[in-house]
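In: please find the sequence and the predicted model below.
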Amino acid sequence: MHIVTMALLATLGTWFVTALGAATVVFFKRPGSAASGRMAGFAAGVMIAASFWSLLQPAIERAETVCTLPPWFVATAGFLCGALFMRLSDKAVCRILSDVRMNRVVLLALSVTLHNIPEGLAVGVAFGALANDRSLEALTGAVSVAVGIGLQNFPEGAAVSVPLRREGCSRGKSFLIGQASGLVEPAAGVVGALTVVHIEPILPYALSFAAGAMILVAVHELIPSCRENETAKPYAATTGIVLGFAVMMLLDVMLG
């Protein structure tokens, strides 16, 4: 299967998980806070593990063969640029939307939609790397990145559809708008894969860039959100993080 097609299918999968999250508004008034916390923690663990074994480690290995600069410099520069890009993207979105007079729920939907663009790029870059390495280890790494992004998309879909329902929208309309927030990921994934496939020297930078973006999302958004409702079960979210990290580490090391 062509690499770009694989990236498209993977990001369609991450969109589908967003749709599943948005679909909770059809069956429930609101998703359970405990379940959402555990899922967010598991996703954070998956993304942290995938950032090293599936992105940074391959970036360092590839930099040794295709880059003239030291591998440590390539990996560090790409990683910091990825984190900085996500930070500036969020800041720009908040500033632009704060200057527009809109309903706060509409602002939330737009913010989540724009936030999904770099996440789609991260998945596309991971699959684009398969153009130079078709091993089972590389494929598992790319899939783990998609799984991590997909898992954290579930609460994002619910975060859009549930407030819309509270504002008086019908369940059907709330679902449609919630799932639409993830439709930008397939387009961004295809762009990321095409860029890496056709410009091989940027692959180490792109992989470490995706790692920096994922770490920032995990640490800045997922970990704080999964620990919001820990009074009853203080270690539930932490256990989710540990389990997510362990599962991805096990798969990457075992299959490698």
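Out: Perfect, thanks for sending it.
In: can you show me the helices along this protein?
Out: Ranges of helices within the chain are 3-27, 33-50, 57-66, 71-98, 104-128, 136-166, 171-180, 184-198, 203-217, 223-226, 236-255, based on DSSP state H.
In: next, the angle helix 136-166 makes with the last one.
Out: In this case it means helix 236-255. Inter-element angle recorded for helix 236-255 and helix 136-166: 150 degrees (by axes from the mean of the first three to the mean of the last three C-alpha atoms, to 10 degrees).
In: and helix 236-255, which residues are buried?
Out: 236, 237, 238, 240, 241, 244, 245, 247, 248, 249, 251, 252 (16 or more other C-beta atoms under 10 Å). No exception for glycine: its C-beta is placed from N, CA and C like everyone else's.
In: turn those into TSV, columns for distance to residue 128 and pLDDT.
Out: Output for the buried residues of helix 236-255, formatted as TSV (distance: C-beta to C-beta, whole Å; pLDDT from 0 to 100):
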residue	distance to residue 128	pLDDT
236	36	73
237	33	75
238	34	82
240	30	80
241	28	85
244	24	80
245	25	86
247	24	79
248	20	74
249	23	79
251	21	69
252	19	67
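In: residue 205: which of those residues is nearest?
Out: Proximity of the buried residues of helix 236-255 to residue 205 (C-beta to C-beta) peaks at residue 252, which lies at 21.2 Å.
In: tell me the most buried of the helices of the chain?
Out: helix 203-217 (a mean of 27; mean count of other C-beta atoms under 10 Å).
In: centre of the chain versus it, how much separation?
Out: 11 Å (C-alpha atoms, centre = their mean, to the nearest Å).
In: can you check stretch 8-15 too?
Out: Centre-to-centre, stretch 8-15 and its host chain are 11 Å apart (C-alpha atoms, centre = their mean).
In: what about residue 134, neighbour count?
Out: 9 (other C-beta atoms under 10 Å).
In: now do residue 170
Out: Neighbour count for residue 170, taken as other C-beta under 10 Å: 11.
In: go on, residue 133?
Out: Residue 133: 15 neighbours (other C-beta under 10 Å).
In: how about it, phi and psi?
Out: Per-residue torsions, residue 133: phi -150, psi 100 (degrees, to the nearest 10).
In: make residue 1 into 2 and carry on from there
Out: In the new count, where the first residue is 2, that last one comes out as residue 134.
In: give me the nearest residue to it, chain neighbours excluded.
Out: residue 59 (7.4 Å; C-beta to C-beta, 6 or more residues apart in numbering).
In: now that neighbour: how far from residue 162?
Out: Going from residue 59 to residue 162 by C-beta to C-beta, to the nearest Å gives 36 Å.
In: same question for residue 9.
Out: When distances are taken as C-beta to C-beta, residue 9 and residue 162 turn out to be 24 Å apart.
In: and the residue nearest the centre of this protein?
Out: Nearest to the mean C-alpha position of the chain, by C-alpha atoms, centre = their mean, lies residue 150 at 3.0 Å.
In: residue contacts, that residue?
Out: Residues near residue 150 by C-beta atoms under 8 Å, 6 or more residues apart in numbering: 15, 48, 120, 121, 123, 124, 186, 215.
In: show me how far stretch 212-225 is from its chain's centre.
Out: The chain centroid and the centroid of stretch 212-225 are separated by 9 Å under C-alpha atoms, centre = their mean.
In: contacts for that stretch next, please.
Out: Stretch 212-225 has contacts (C-beta under 8 Å, 6+ apart) with 41-42, 44-45, 48-49, 51-53, 56-57, 60, 79-88, 119-120, 122-123, 146, 149-150, 153, 238, 242.
In: avg pLDDT for that stretch?
Out: In this model, stretch 212-225 has a mean pLDDT of 80.
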